[in-house]
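Visitor: sequence and predicted model, in that order:
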Amino acid sequence: MKALCWHGKGDVRCEEVPDPRIEQPRDAIIKVTSCAICGSDLHLYDGYIPFMESGDVLGHEFMGEVVEVGSENKKLKVGDRVVVPFTICCGECVQCRRGNWSVCEKTNRNYDMATKMFGYPTAGLFGYSHLTGGYWGGQAEYVRVPYADVAPVKVPNGLTDEQVLFLGDIFPTGWMAAVNCEIEPTDIVAVWGCGPVGLFCIKSALMLGAQRVIAIDRVPERLAMAQALGADIINFDGIEETIPEQLKDMTGGHGPDKCIDAVGAESHATASFDAMIDKAKAAMMLGTDRPHVLRTAIMACRPAGIVSVPGVYGGFLDKIPFGAAMNKGLTIRTGQTHVNRYAEDLLKRIEEGQIDPSFVITHRAPLEDGPALYKTFRDKEDGCVKVVLKP
């Protein structure tokens, strides 16, 4: 089969690889009908996530048709259309029973490696390094789904791939980030980053009743999409004030009650001293992440507020103003998304017409065009906000 394979920093190739096969009785094999390039895939593309191996199949946003099921899989049958969450969940461990799907205790095949990195293992993930199990991903013609009697979400007739594809990751990710803010009707919510996850954070915060959302980015196409969703916008390029000062100016001194960092490890801030230091340290392999946005969100948030972090971080962060977080009494909430905690509710909202998640898609292409589109997406060329590939 054809698949997009990682071969090093900036090196993604469309190659022939062996077809997947049933390995365990709860498995399923999915013929992929749509997949996407996620912003967190760019952390792999740019070399920020460790423990990738040459030839690894990428991709954790995918859906398709069931073509084979294991002997013990009673949930799925051949011909079912399913969206597959990016987290691999056993359904049996303590964390799965509590609905903490992204920290399943059983599915990370590299338990010891993850424990050394994080203190405990987290769930296995599709196409996201051997730190999370080394599972092949879904930017491919076919994919093996372990524990397929737990996480896959069946798609009702009448809904297109593009309406439901993002239930596997970015829509629940934006929703969970907003839910973690405990939004109240008087809240002003600031969202850093208007990529696909940031756009779903904005939409989710408004759906959950925020009085106002302010979105921060510098890419005109992204800012236009944020504004179309109902957000006020800040283009951080060229402003003389700091972002916290600008937020106060825009809110009569009130500032944001809740702050969402939808950027993560690769902040592209350019003017601030801390951002320049981050880039220099990363370039010299003296730092793992560029956490300028996290620092700014902590400083910008009103006392007793919440900082929600759906943006992916991979390692050890420098110069975090934890004194500000502690003295202001901030709550910080983070985590890979517990997709199955929210998927059925969000599917119902799609069916009812409350939202059509396909609004983020700007580029559609065959799988073979994936390597070039990784670069287009990374470099924000051609108005690229979200890429969907058709194997």
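Guide: Perfect, thanks for sending it. Residues are numbered from 1 along each chain as shown.
Visitor: give me the mean pLDDT for stretch 148-158.
Guide: Average pLDDT, stretch 148-158: 96.
Visitor: start the count at 828, not 1, going forward
Guide: Noted, 828 is the first residue going forward, which turns the last one into stretch 975-985.
Visitor: residues in contact with it?
Guide: 853-855, 890, 896-897, 899-903, 907-912, 914-918, 923, 928, 972, 991, 994-995, 1166-1167, 1170-1171, 1174, 1178 (C-beta atoms under 8 Å, 6 or more residues apart in numbering). Bear in mind the C-beta positions are built from the backbone N, C-alpha and C, glycine included.
Visitor: in it, what's buried?
Guide: Buried residues in stretch 975-985, defined by neighbour count with 16 or more other C-beta atoms under 10 Å: Ala975, Asp976, Val977, Ala978, Pro979, Val980, Val982.
Visitor: that older thread, which PyMOL command selects the buried ones in the contacts of stretch 975-985?
Guide: Only the buried members of the contacts of stretch 975-985 enter the following PyMOL selection, criterion being 16+ other C-beta under 10 Å:
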select buried, resi 853+854+855+890+896+897+900+902+903+907+908+909+910+911+912+914+915+916+917+918+923+928+972+991+994+995+1166+1167+1170+1174
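Visitor: out of the contacts of stretch 975-985, which sit inside helices?
Guide: Cys923, Val991, Val1166, Asn1167, Ala1170, Glu1171, Leu1174, Glu1178 (DSSP state H).
Visitor: break this protein down into its domains, please.
Guide: Under automatic domain parsing, the residue ranges defining each domain of the chain are 829-996+1164-1217, 998-1161.
Visitor: those domains: lowest mean pLDDT?
Guide: Lowest mean pLDDT of the domains of the chain: domain 998-1161, a mean of 90.
Visitor: between the two ends of that domain, what distance do you get?
Guide: Terminal residues of domain 998-1161 lie 16 Å apart, using C-alpha to C-alpha, to the nearest Å.
Visitor: helices along the stretch 828-977 of the chain, start to end?
Guide: Counting by DSSP state H, counting those that start in this stretch, the stretch 828-977 of the chain has helices at residues 868-872, 921-924, 938-945.
Visitor: between those helices, which one is closest to Leu1026.
Guide: helix 868-872 (16.0 Å; C-beta to C-beta).
Visitor: CA atoms only: put that closest one into PDB for me.
Guide: The C-alpha coordinates for helix 868-872 follow below in PDB (Å, rounded to 0.1, in the frame of the first residue of the first chain):
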ATOM      1  CA  ASP A 868       2.400  16.400  12.800                       C
ATOM      2  CA  LEU A 869       4.600  19.400  12.100                       C
ATOM      3  CA  HIS A 870       6.400  18.900  15.400                       C
ATOM      4  CA  LEU A 871       7.500  15.500  13.900                       C
ATOM      5  CA  TYR A 872       8.300  17.100  10.500                       C
END
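Visitor: against which helices or strands is that helix packed?
Guide: Packing partners of helix 868-872 (3 or more C-beta pairs under 8 Å, 6 or more residues apart in numbering; DSSP states H and E): helix 1197-1205.
Visitor: could you point out which element follows the helix it packs on?
Guide: strand 1214-1217 (DSSP states H and E).
Visitor: packing partners for that following strand?
Guide: strand 855-864, strand 1190-1193, helix 1197-1205.
Visitor: would you mind telling me which of those is nearest Lys1155?
Guide: Comparing these by C-beta to C-beta, helix 1197-1205 comes nearest, at 34.8 Å.
Visitor: summarise which helices and strands that closest one is packed against.
Guide: Helices and strands touching helix 1197-1205, by 3+ C-beta pairs under 8 Å, 6+ apart, are strand 839-843, strand 855-864, helix 868-872, strand 1190-1193, strand 1214-1217.
Visitor: mind listing the helices for the stretch 1028-1177 of the chain?
Guide: Remark: helices assigned in the stretch 1028-1177 of the chain by DSSP H, counting those that start in this stretch are 1047-1056, 1070-1077, 1100-1110, 1119-1127, 1149-1154, 1166-1178.
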